[in-house]
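Asks: When you get a sec, could you give me coordinates for this:
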Amino acid sequence: MPRSLYRDDEGSRGEFLKLLAQQGEEPSFLRRAKAAQGAWDDLLQRCQSDRDALLRWPRMHLGNLARQLNGDWSRLRPLLEDDRQINALQGLHVEWNGGPSVASNSSSPWSTIRSSLKEFVLSVRRFNDAWSKRLQGVDLGEVNCLRTEYNAYYPIEKAAAFDCENIEGLGFVPLDIVTVEFLATIFPPLTLPVLRPR
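Replies: Sure, this is the predicted structure:
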């Protein structure tokens, strides 16, 4: 979105349009900008909600592993390829739980640290597969339609509103068309831990 829809040097016409907006009579270029932004915000919210739902199992398995480690993540050193893997898992646990692990005396009598780590890795694989399919199925029609219309009409409508022939001087920045690949950079797959061969 452009940083400012009204420039200080646009004088009385700009002040008049501000007054219209305050009274709920927004000019067409401003309504168009808000529609494009609203569709984008809604898309991000839906993706985040779907992603959080699919992360339920990886979160659970990492939590189980953290409880077995009892706050000592170095116990994973014999099982993982290097210390970067340990740091990544510990960091992910902190991110998902809002703080470092708290030492506990509880441990599961029916599973080992190795088996819990493998369960987490399997849950990450399942999540990545499901998330990739979910992103492929996202409907980008509405958001891209509004962005295409914004790019085509916003500068013309704003130039007409300000009686300005220099469209480039209005500081217009076109919006990129949203792709699945772009969404995947915002909502990436989880990184798979690299296990040491037995």
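Asks: Now the element after the longest helix seen in the chain, going C-ward?
Replies: Counting residues, the longest helix found in the chain (DSSP state H) is helix 28-54. With elements assigned by DSSP states H and E, the helix or strand that comes after helix 28-54 is helix 56-69.
Asks: Run the chain-centre distance for that following helix.
Replies: Chain-centre distance of helix 56-69: 23 Å, with C-alpha atoms, centre = their mean, to the nearest Å.
Asks: got the angle between it and helix 28-54?
Replies: Put simply, helix 56-69 runs at 50 degrees to helix 28-54, going by axes from the mean of the first three to the mean of the last three C-alpha atoms, to 10 degrees.
Asks: Which residues does the helix or strand just after helix 56-69 contact?
Replies: For helix 56-69, the succeeding helix or strand toward the C-terminus, using DSSP H and E, is helix 83-97. By C-beta atoms under 8 Å, 6 or more residues apart in numbering, the residues outside helix 83-97 that reach it are 55, 59, 62-63, 65-66, 73-74, 76-77, 80, 100-101, 190-191, 193-194. Where C-beta positions appear, they are placed from N, C-alpha and C, glycine not excepted.
Asks: low pLDDT regions in the chain?
Replies: Counting by pLDDT under 70, the chain shows low-confidence ranges at 1-25, 98-111, 165-169.
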